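Q: Quick one: sequence and predicted model below, then my questions.
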Amino acid sequence: MVCAEGFTNLIWALGCWGHTPPTAWLQQYCRCVVPQLPHMTAQGLAIVAVGLAELNHVPPQQLTTYLLLLFHKQLTAATPSQAACFLWALPRLLLQLTHSQAAAAAAAGGGEGAEGDNSAGLLLQQQQQQQQQQQQQQQQGGAGAAGSPAGGWLQQHCFLLQDNADVILQGMDKLPYTELVDAASGFADLGFFPGVQWMDAHESNLNRHLDQLTTIQINLVKHAYLRLEQQQQLQQRLLPPEQLALLQQQQRAAAAAGMQQQATAAAGEAWRSRVSYVQLAQAAAAAAAATAADLMGLDAASLGDGVSAADAASQHDNYSSSSSANRRLQPYEVNSNSNSNSRDSSSMQQRGRGRGRGRGRGRGRGRGAAAAAGAGWDDEFSDDYAASVPGFPGYSNGRVQSPDDGGLSVNESPRELPQLPRKPRAARIRLQKIREAEAEQQQQQQQQQQQQQGELQQQSQQQRRRPQQGQQRGTQQQRWRGPQPGGMDDFDD
């Protein structure tokens with residue numbers, strides 16, 4: 001019997017070789033790997049998710065949700081790199097052609113080079129065409145962004161996605177540029193806005209690596225920023241009326257006191273609290289109850305107990321209670337008791353390097369056929385394996401908190417108030433690059449000035465030492481008078 005490490009090494013090797021097995025083989029792999037998933041570390045779960053995504057295989061929705069729940073249970077021991085890799089794979093396991101379409105658009109829009117102002121023109125046109133469709137879907141019942149998972153699934157698991165975003169935020173300054181691109185692309189494909197603080201940190205860290213990014217990667221980031229900023233506006237519209245009124249009061253009070261930064265950031269902070277997410281999840285669950293299609297196969301009939309919004313909220317509360325209350329502001333520390341082995345760690349590092357270089361070149365081709373071939377065994381997966389795996393699919397072992405229990409209440413001051421951008425981030429990339437070049441030039445000038453001052457100091461010190469050396473030589477000559485007159489004659493006599 002193959003152990004958990006064997007499953008991770010197998011899927012990793014196939015992805016590195018670029019060899020895609022038949023669909024039947026991948027389906028059998030998913031069936032056999034389910035009992036081993038609870039025994040895997042966060043590193044192993046990330047390797048399985050990334051491997052399936054690299055092989056362009058769309059497993060059943062139940063399996064993807066199971067991977068997300070298990071990864072969240074070990075999130076305290078996961079590294080930001082593992083969280084970013086898992087996040088990149090998650091939408092590709094849920095969607096069929098989202099990433100391949102975005103990659104093709106990025107490749108088509110990047111013909112003029114990385115410095116071209118019109119490099120993302122095609123993406124901007126497509127985004128404007130999709131904006132009206134997204135707004136209509138959001139007003140009709142919270143169906144989520146176009147091309148993203150259904151609103152019911154997304155709102156049920158928004159707790160877990162936000163916790164994943166917080167782990168990435170804590171170590172974002174140490175992530176390579178390839179994983180920064182992966183994280184933004186993953187959230188954009190999911191249709192989930194990770195927060196203003198996360199976006200500001202991502203933009204700041206990505207601008208440090210702009211010279212290393214390819215044209216396709218820059219266009220992918222621009223496309224992701226456009227989608228995330230639009231999703232931010234849609235999510236803010238879902239806030240309850242009383243909370244919107246409170247935000248308006250805070251904004252007016254901050255503006256009257258002259259605190260423009262706090263006033264402009266008030267609308268982008270309170271929605272990130274758990275209070276808002278619980279209310280969003282309850283509203284989405286009520287809307288999704290009218291149609292089984294919004295649940296994407298996660299209804300109670302196919303999964304027994306089901307994975308409800310309350311279960312996701314309970315798991316989020318368990319994770320929050322086990323970590324620091326201010327974990328978003330704490331530096332990330334890797335748990336030394338993790339069971340991940342060196343082989344898994346090295347494989348994930350190699351995976352991250354290779355995946356970022358070839359991003360956007362036909363990734364996701366042929367996924368429609370694979371998804372259609374794999375859609376028929378959802379019931380078989382649920383019947384044969386869901387009941388035999390301990391803890392699958394429910395994770396309601398903790399108490400369910402009410403919307404007013406825990407987290408950041410509407411009466412508390414926000415954790416941090418970052419300033420909202422005046423221009424879209426997609427249009428600020430080149431401006432920020434110019435600013436970085438100017439800052440680097442100023443730093444070089446300061447270094448040259450310091451070097452010149454150091455040389456002047458050395459010259460002045462040398463000039464001071466020269467008269468002192470002359471005085472020392474004069475004293476030495478005075479001390480040495482030679483032999484006394486008649487000294488040797490007296491000795492001979």
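A: Yes, it's here.

Q: tell me which helix or strand of the protein sits lowest on mean pLDDT?
A: helix 300-303 (a mean of 32; mean pLDDT, DSSP states H and E).

Q: Low-confidence ranges, the stretch 301-450 of the chain, go.
A: 301-438 (pLDDT under 70).

Q: Repeat that for the stretch 151-300 of the chain.
A: Residues of the stretch 151-300 of the chain meeting the criterion pLDDT under 70: 151-152, 155, 233-300.

Q: the helices in it, which residues?
A: Listed in chain order, the helices of the stretch 151-300 of the chain (DSSP state H, counting those that start in this stretch) span 151-156, 158-170, 177-190, 196-206, 215-237, 241-256, 260-265, 274-288, 300-303.

Q: Restricting to C-alpha, output the longest one in CSV.
A: Extracted as CSV, the C-alpha positions of helix 215-237 are listed here (Å, rounded to 0.1, in the frame of the first residue of the first chain):
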residue,chain,number,x,y,z
THR,A,215,5.6,40.7,-19.8
ILE,A,216,3.0,38.0,-19.3
GLN,A,217,3.5,38.1,-15.5
ILE,A,218,3.0,41.9,-15.5
ASN,A,219,-0.2,41.6,-17.5
LEU,A,220,-1.5,38.8,-15.3
VAL,A,221,-0.9,41.0,-12.2
LYS,A,222,-2.7,44.0,-13.9
HIS,A,223,-5.6,41.8,-14.8
ALA,A,224,-5.7,40.4,-11.2
TYR,A,225,-5.7,43.9,-9.7
LEU,A,226,-8.5,45.0,-11.9
ARG,A,227,-10.7,42.0,-11.0
LEU,A,228,-9.9,42.3,-7.3
GLU,A,229,-10.7,46.0,-7.1
GLN,A,230,-14.0,45.5,-8.8
GLN,A,231,-14.7,42.6,-6.4
GLN,A,232,-13.9,44.9,-3.5
GLN,A,233,-16.6,47.3,-4.7
LEU,A,234,-19.1,44.4,-5.0
GLN,A,235,-18.4,43.0,-1.6
GLN,A,236,-18.7,46.4,0.0
ARG,A,237,-22.2,46.7,-1.4
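
Q: That one relative to helix 196-206, how many degrees between them?
A: Helix 215-237 and helix 196-206 are oriented at 170 degrees to each other (axes from the mean of the first three to the mean of the last three C-alpha atoms, to 10 degrees).

Q: Counting by contacts, list what helix 215-237 packs against.
A: Applying 3 or more C-beta pairs under 8 Å, 6 or more residues apart in numbering; DSSP states H and E, one finds that helix 215-237 makes contact with helix 98-109, helix 121-141, helix 177-190, helix 196-206, helix 425-479. Using the backbone N, CA and C atoms, a C-beta is placed for each residue, glycine as well.

Q: Return the alpha-carbon coordinates of the third one using CSV.
A: Taking only C-alpha atoms (Å, rounded to 0.1, in the frame of the first residue of the first chain), the coordinates of helix 177-190 have been written out as CSV:
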residue,chain,number,x,y,z
TYR,A,177,8.1,37.2,-7.1
THR,A,178,6.7,34.1,-8.7
GLU,A,179,4.6,33.3,-5.7
LEU,A,180,3.5,36.9,-5.4
VAL,A,181,2.1,36.6,-8.9
ASP,A,182,0.5,33.2,-7.9
ALA,A,183,-1.2,34.7,-4.9
ALA,A,184,-2.8,37.6,-6.8
SER,A,185,-3.9,35.4,-9.6
GLY,A,186,-5.4,32.9,-7.2
PHE,A,187,-7.5,35.4,-5.4
ALA,A,188,-8.6,37.0,-8.6
ASP,A,189,-9.7,33.7,-10.1
LEU,A,190,-11.6,32.9,-6.9
